[in-house]
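> Here is my input, please return the structure:
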Amino acid sequence: MNFSRPAVYLLVAASVAGCAVSPTTGPEKDTIYRITVMHTNDHHGRFWKNSDGEYGMAARKTVIDSIRHEVAASGGYSLLLDGGDVNTGVPESDLQDAVPDFKGMNLLGYQAMAVGNHEFDKPLSVLKMQRDLAQFSMLSANIYERGERMFAPYQIFRLGGVRVGVMGLTTEDTYKMVSPDRVKDIEFRSVIAEAAKVVPELRRQADVVIAATHMGHYENGNHGTQAVGDVEMARAVDGIDLVVGGHTQNPACMKAENVLERAYVPGTACQPDRQNGTWIVQAHEWGKYVGRADFEYRNGDFKLVKYALIPINLKKLVLTADGKTTLVPYTHEITEDQAMLALLSPYQAYGQLKLGMKIGVTDARIEGDRAVIRAQPAAMGVLIGRATMEKTRADFAVVNAGSVRDSLPAGDITYKDILKVHPFGNTVVTVDLNGAQVMDYLNALAQMTAGSGAFPQFAGIKLVITAGAVTSARLKNEPLEAAKTYRMAVNKFQAIGGDGYPQLTSQPSFVDSGFVDADVLRAFITANSPLKAADFEPGDAVVRR
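A predicted model of the protein is given here:
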């Protein structure tokens, strides 16, 4: 299934009017062209604002329209790009195959996006539908299907007299981050090798080269066990003026050279990364910000004049004079665009109707936040593990952190809350292994890098990990015995080698239960409500030295 439209890769468009122009006419000598690049990334289904009134496409449209008007009024030109991962994260979107999100992007006037790994979460028929629905280009130079590129590698836009080439790139890790059934016969080739081929080609046709990427921004190029990201590519490939990135879901704001500002405060100044003459930007996630990069082009020089991350109704907790707390915007309240609300409201209403059913209650928050569960043992990992153990009668369970997408809030738990935790529809599988095989498996997991989706969570087993190796393993307060047989529960994504986990499907004892992870978690919560959050705290079950 090749998604490339039957058109040549040189697609030329005017930034505002959208009319075709000649690709040969270049910028005039000694003329200053003002070009503003707006960008977002890792939308993950957040077409609607959250319960605190933060982000959402309606407020985003107000900001983007305002910037476009301002830039055009001053004689400049604008370009709106996205760093990929439109799919997966909010049940209202997931249940509707991100149709509201792509329709919202059309109304926002996106001109191109990088293809993200989560674009492959559902069957290829859904991706084709989204590709056809999008009124903008989905770009990736390094995704090949049966030897041919699956998407256009780049598009060229005419902004005044300046020809701007936008190239797309997708993380090489995609093949191990999605179900292999989704990417059969598809290759995710080296981003550096493909960029090294495409950039010179673009340089012969364009005055400015931008890479819209879904690869990740890793501080000083330290990508650990994950595939190379924007920093490494910029260092390896000359000729890229700007990288509009995604995947790591952090603001790419630098505290100093090669030092990331990890405590970025919304509304404050942001200094983008710069590597080998290439600016690198990333706007966190979920439409929380619209990135704005104002450039001037003159006689071949593409100079960054000003950069900002504009928060979309992000709020902070403040103490009032009467000693109470309230949420207030970091900057100013942004009104929601009425046309966008009219488009999206029916989708939101349909999702709410389907997802509002209460299925249980918890006395406190059960932690599954991305920043926590990918770095340390977390209560949500324990809860999911115990649910799968109970359903399958396993002795212990392993949960890859990337399969967990949210926490459970204190109070009532709805079906929507469950699907926010488990949006992928993985099935639970079991395998019976002897103690020696279990130890080999655990040692492979001990190598997984903190911060990645591969980072393991455990239930039913106590471990001591020293210098990346398991030095102690106990089940039911007994040491692991090499000759004894144990049943392990994991999700199918892990079992087939996803996230770099050891492949288990060839084991004679491999069983796919057919139970969907969200349904397993839902049944466990319903049967055990009210939950006591403290019962799932990991404590010292996993000690790393």
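> looking at the chain, which residue lies furthest from center?
A483 (41.7 Å; C-alpha atoms, centre = their mean).
> Hmm, it is touching V438, no?
No. Applying C-beta atoms under 8 Å, one finds A483 not in contact with V438, separated by 11.4 Å. Glycine gets a C-beta too; all of them are placed from N, C-alpha and C.
> hang on, the earlier thing: how about the contacts made by the residue farthest from the centre of the chain?
434-436 (C-beta atoms under 8 Å, 6 or more residues apart in numbering).
> quick one: secondary structure of it?
coil (DSSP: H, G, I helix; E, B strand; the rest coil).
> Quick check on it: phi, psi?
Note on A483: its backbone torsions stand at phi -90, psi -10 [degrees, to the nearest 10].
> what about stretch 194-211, how long is it end to end?
Terminal residues of stretch 194-211 lie 12 Å apart, using C-alpha to C-alpha, to the nearest Å.
> can you check stretch 538-545 too?
16 Å.
> ok, residues contacting that stretch?
377-379, 381-382, 458, 461-467.
> Repeat that for stretch 347-354.
47-48, 91-93, 95-96, 99-100, 415-416.
> in it, what's buried?
347-348, 351 (16 or more other C-beta atoms under 10 Å).
> Reformat the residues you listed as JSON lines; add pLDDT.
Formatted as JSON lines, the buried residues of stretch 347-354 follow (pLDDT from 0 to 100):
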{"residue": "Y347", "pLDDT": "97"}
{"residue": "Q348", "pLDDT": "96"}
{"residue": "G351", "pLDDT": "90"}
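> As a check, name the ranges of all strands in the stretch 401-545 of the chain.
411-414, 427-434, 456-459, 462-466, 469-475, 478-479, 485-491, 511-516, 542-544 (DSSP state E, counting those that start in this stretch).
> Now mean neighbour count and distance to D238 too, for these, in CSV please.
Putting the strands of the stretch 401-545 of the chain into CSV (neighbours: other C-beta atoms under 10 Å; distance: least, C-beta to C-beta, whole Å) gives the following:
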stretch, mean neighbour count, distance to D238
strand 411-414, 16, 52
strand 427-434, 21, 46
strand 456-459, 24, 39
strand 462-466, 17, 41
strand 469-475, 15, 41
strand 478-479, 10, 56
strand 485-491, 23, 42
strand 511-516, 15, 48
strand 542-544, 15, 40
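> Tell me which of the ones you listed lies nearest to K255.
Closest to K255 of these is strand 542-544 (C-beta to C-beta; 26.7 Å).
> Quickly run through the sheet partners of the closest one, with directions.
Applying DSSP bridges to the sheet, strand 542-544 is found paired with strand 462-466 (parallel).
> angle of the partner strand against strand 469-475?
170 degrees (axes from the mean of the first three to the mean of the last three C-alpha atoms, to 10 degrees).
> ok, residues contacting strand 462-466?
Outside strand 462-466, the residues touching it (C-beta under 8 Å, 6+ apart) are 442, 446, 470-475, 540-545.
> circling back: what spatial separation is found between the residue farthest from the centre of the chain and N434?
The gap separating A483 from N434 is 6 Å, by C-beta to C-beta, to the nearest Å.
> How about F515?
25 Å.
> again with E148
From E148 to N434 the distance is 45 Å (C-beta to C-beta).
> what's the answer for V237, then?
48 Å.
> What of K416?
41 Å.
> Most widely separated two among the contacts of stretch 347-354?
Longest span within the contacts of stretch 347-354, C-beta to C-beta: V99 and Y415, 20.2 Å.
> so which helix or strand takes in A58?
helix 57-73 (DSSP states H and E).
> Could you report the neighbour count for the closest residue to F295 other than its chain neighbours?
Leaving out its chain neighbours, the residue that sits closest to F295 by C-beta to C-beta, 6 or more residues apart in numbering is I35, at 4.7 Å. Neighbourhood size, I35 [other C-beta atoms under 10 Å]: 24.
> Is I35 bridged to anything, and to what?
Y77, F295.
> hey, C-alpha coordinates of stretch 26-37 in CSV?
Extracted C-alpha coordinates of stretch 26-37, given in CSV (Å, rounded to 0.1, in the frame of the first residue of the first chain):
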residue,chain,number,x,y,z
GLY,A,26,14.7,33.0,-7.0
PRO,A,27,14.9,35.8,-4.4
GLU,A,28,16.0,39.2,-5.5
LYS,A,29,19.5,40.4,-4.6
ASP,A,30,19.8,42.7,-1.6
THR,A,31,16.1,42.2,-0.7
ILE,A,32,15.2,41.3,2.8
TYR,A,33,12.4,38.6,3.0
ARG,A,34,10.7,38.1,6.4
ILE,A,35,9.7,34.5,7.0
THR,A,36,7.9,33.2,10.1
VAL,A,37,7.8,29.5,10.8
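> List the buried residues in it.
27, 33-37.
> Now find how far off-centre that stretch is within its chain.
33 Å (C-alpha atoms, centre = their mean, to the nearest Å).
> what's the answer for stretch 88-99, then?
That offset, for stretch 88-99, works out to 14 Å (C-alpha atoms, centre = their mean).
> what's the answer for stretch 362-375, then?
The mean C-alpha position of stretch 362-375 is separated from the chain mean by 18 Å, C-alpha atoms, centre = their mean.
> Next: stretch 212-220.
Using C-alpha atoms, centre = their mean, the offset of stretch 212-220 from its chain centre is 11 Å.
> That stretch: end-to-end distance?
Across stretch 212-220, first to last residue, C-alpha to C-alpha, it's 19 Å.
> mean confidence score for it?
On average, the pLDDT along stretch 212-220 is 97.
> Buried residues, it. List them.
Here stretch 212-220 shows 212-219 as buried, counting by 16+ other C-beta under 10 Å.
> Export the contacts of strand 462-466 as TSV, with columns for pLDDT and distance to M113.
Listed next are the contacts of strand 462-466 as TSV, based on pLDDT from 0 to 100; distance: C-beta to C-beta, whole Å:
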residue	pLDDT	distance to M113
L442	97	39
A446	95	37
V470	96	42
T471	96	46
S472	96	47
A473	96	45
R474	96	48
L475	95	46
D540	94	44
A541	95	41
V542	95	38
V543	94	43
R544	92	38
R545	90	43
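> low pLDDT regions in the stretch 401-545 of the chain?
Nowhere does the stretch 401-545 of the chain drop to pLDDT under 70.
> same question but for the chain, I mixed them up
Ranges of the chain meeting pLDDT under 70: 1-24.
> hmm, try it at 50
5-23 (pLDDT under 50).
> Show me where it has its helices.
57-73, 91-94, 99-108, 124-133, 174-177, 191-203, 230-236, 338-355, 370-373, 379-392, 415-421, 435-445, 492-495, 517-528 (DSSP state H).
> nearest to Q249, of those helices?
From these, taking C-beta to C-beta, the stretch that ends up closest is helix 370-373, at 7.4 Å.
> List of residues touching that closest one?
249, 367, 378, 380-381, 401, 404-405, 455, 457.
> circling back to that earlier point, okay, the contacts of A483 in a markdown table with distance to G229 next?
Shown next, in a markdown table, are the contacts of A483 (distance: C-beta to C-beta, whole Å):
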| residue | distance to G229 |
| --- | --- |
| N434 | 39 |
| G435 | 38 |
| A436 | 37 |
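> Fine, thanks again, bye for now.
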